[in-house]
Structure formats: structure tokens, C-alpha cells
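K.L.:
Task: produce atomic coordinates for the following.
(one chain, ligands or ions: 2)
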Amino acid sequence: RINFVEFHRYGVIESYLKKIAEEYPEITRLRTPANTTEGRPIYMLRITTGGSQGGQHTKPAILIDGGIHAREWISPATVLYIIQELVENPENRHMIENVDWMIIPVLNPDGYEYTHTNSRLWRKNRSKGKRCTGTDLNRNFGFHWMEVGASSDECDDTFAGKAGLSEPETEAITHIVGKHGEQIKLYLTFHSYGQYLLYPWGYTSALPENWKEHDDLGHAVDKAISAVAGTSYTIGSSTNTLYAAAGGSDDWVKGVGGVPVAFCIELPGGGSWGFDPPTSMIHPVVTETWEGVKVFHKHVQTTY
Ligand code: 0X9
Ligand code: ZN
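P.N.:
Ligands and ions are numbered 1, 2, ... in the order given. Sure, this is the predicted structure:
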């Protein structure tokens, strides 16, 4: 088991994932879709009861990632809690019987470790440039890459990379979506902070054709989360609600990957810079957010 009273180092997260995969071989599969520039494996846990009709993967799937941005520690914690509930809580068995889950708790482990060992507010990955280190993975996806809200200066926090999809971490996502794109109906990417449920697009103020599906779903999720302890979310498209920024994972997964529904979830903040909520906030945040995940699941199950 893993606890939700502290933020864990990557090694602890790794051991938990391996242990889960070992203990629940019938419903989990642990994969390593890529290694980072510092050589760390990126893990994806696939949770499935398998055996959908005809042995084909006809069940809809939900893809989830956390830790794209190194300093947003509440994100991996939330994704780990989702894994724990899906795998270790028998009450949620129905949630893995009718839907498959592909879950990456920490997409940017190099950056994540760096925020533990060197610099708490590091955002990017740790790939080396000529003058500076790190690409902002959420500017590196190759859909309207570098058009708005991204920097071509490798020393900036929003450096979009040498080219679209230049990084192993972003490529890991595109590889998974390339392989399972047809099956994936919902993509959730967890960030912090600000209590936003953001849907595409981030590169333009125009809205996707199914924006109403996103908007209604966002409101249903907000209702479920706020019922727990009053935490309320703002719902809208990234550009119109937060700011325009191209190269995000959500835009790519929907725009190129063809996944119909995509949300970037900005979890609650805390601490002086917002990225550092006290450890006492972990449990309240992850449990209330889980109520929202149930609503996302129900939508996928009933719609696709
Ligand atoms: O700027 C970002 O990458 C996200 N906010 S954060 O404070 N976590 O850095 C928002 C991304 C929203 N999605 C797109 N712009 N595509
Ligand atoms: Zn972020």
C-alpha cells in the first residue's frame, strides 16, 4: 500500500506500481512506454478485467496521466489514489469491468525527482539544451506547436522544445494513443493549480464540435466534487478560461489522436507558490477528486 499523508519519491511510486502489478496479475499490466533522458522508466499501468466480447478490446478505455509538470506534486498523488481505488477497492470492481484504464502516474519523473532534490519549483523535464536544461512537456505536443503561449528560448519555463514531440515523455503519450486510439474515449491530464476543468482547445478560442458534451460533463463532475467539501471548479475551454497555450497534451490527444473527450484538471493549490499544498491537504483533495472520476467513468460507460 501507499499512503496519502506525504508526497512520495519516484522510487516509492515505482515500488508501489510493481507490487500492485505482482499482486493483481489478473487485472493489471505494468508497461514502460519510454525511458527519460536521465534513464528513468516511465510507467503505464493498464487495468482491465479483459475478456470483452470476442476477445477484442471493444470496451471503451480511459487514459490518465499525472506529473507532466514536475512541481505539481498533488497530481501524481491524485493519480495514485485513482489506481488504488480501481485496483485495491473491490467496491469499484464494476468500474474496471466495463471500462479499461491506462494510467501514467508520473509522466515527467526526471523533473519530479529534481523538484525533490534540487529545486522545488522546477516545471520542465531535464533534457539538456546548449545553454539551459528542460522542455515544457505541455508545450511540446505536435499540434499547432509553438503557435501561441509557448517560448522558443530554451531557458524559459514554457520552452516548447527543439521541435514538436522532441521529448521521450511526449512521445510516450503519442505512442500509447497511436496504439489504442480507437479504444480511448476519455483523456484526463492532472495538473495544478487553480480548480479548473479545462477542455480543448488551448491553441485557439474556437471550440471543438462537441464542446457541449465537455461542458455538461464538466458541470456534473464539479457537482460531485463540490458535494464532498465545497471545493468548486471553473469549467471552460483552456483558451477562454485560463490562457491560450499551444502544444498541450489535451489538444494533441483530441486533435491528432482522435480521442473525443479530453480534460486538463487543475487541482486545488496551496503553499506560498500554489504548487506546495501541505501534506494534510493530500487526503482531502485525492478523495474528493475521486468522486469526480466516478462521474467521468459513468459518462464513458453510458455514452461509448
Ligand atoms: O499551462 C499549462 O500547461 C496548464 N496550466 S499549468 O499551470 N498546470 O501549467 C494548462 C494547460 C491547458 N491546456 C492547454 N493549453 N492545451
Ligand atoms: Zn501543469
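
K.L.:
Counting by contacts, list what the longest helix seen in the chain packs against.
P.N.:
The helix spanning the most residues in the chain, taking DSSP state H as the definition, is helix 282-303. In terms of contacts (3 or more C-beta pairs under 8 Å, 6 or more residues apart in numbering; DSSP states H and E), helix 282-303 is packed against strand 61-66, helix 74-88, strand 184-192, helix 211-229, strand 261-267. (Glycine included, C-beta is placed from N, CA and C.)

K.L.:
let's see 6 Å
P.N.:
If contacts are counted by 3 or more C-beta pairs under 6 Å, 6 or more residues apart in numbering; DSSP states H and E, helix 282-303 sits against helix 74-88, helix 211-229.

K.L.:
neighbours around the closest residue to Met146 other than its chain neighbours, how many?
P.N.:
The shortest distance from Met146 to any residue other than its chain neighbours is 5.0 Å, reached at Ala160 (C-beta to C-beta, 6 or more residues apart in numbering). For Ala160, the count of nearby residues is 27 (other C-beta atoms under 10 Å).

K.L.:
What of Thr158?
P.N.:
Thr158 is surrounded by 17 other residues when neighbours are defined as other C-beta under 10 Å.

K.L.:
For whichever residue of the stretch 1-150 of the chain sits closest to ligand 1, list the residues it contacts.
P.N.:
Of the residues in the stretch 1-150 of the chain, the one nearest ligand 1 is Asn138, at a distance of 3.6 Å by C-beta to the nearest ligand atom. The contact partners of Asn138, taken as C-beta atoms under 6 Å, 6 or more residues apart in numbering, are Ile68, Gly248.

K.L.:
could we number from 49 for the rest of this?
P.N.:
Happy to do that; since the first residue is 49 now, the last one works out to Asn186.

K.L.:
Kindly provide the distance from it to Gly209.
P.N.:
11 Å (C-beta to C-beta, to the nearest Å).

K.L.:
same thing with Trp149?
P.N.:
On the measure of C-beta to C-beta, Trp149 and Gly209 end up 29 Å apart.

K.L.:
quick one, which of the two is more surrounded?
P.N.:
Neighbours per residue (other C-beta under 10 Å) separate Trp149 from Gly209, with Gly209 holding more: 27 against 22.

K.L.:
what sits against Ile273?
P.N.:
With contacts defined as C-beta under 6 Å, 6+ apart, the neighbours of Ile273 are Thr279, Glu336, Glu339, Gly340.
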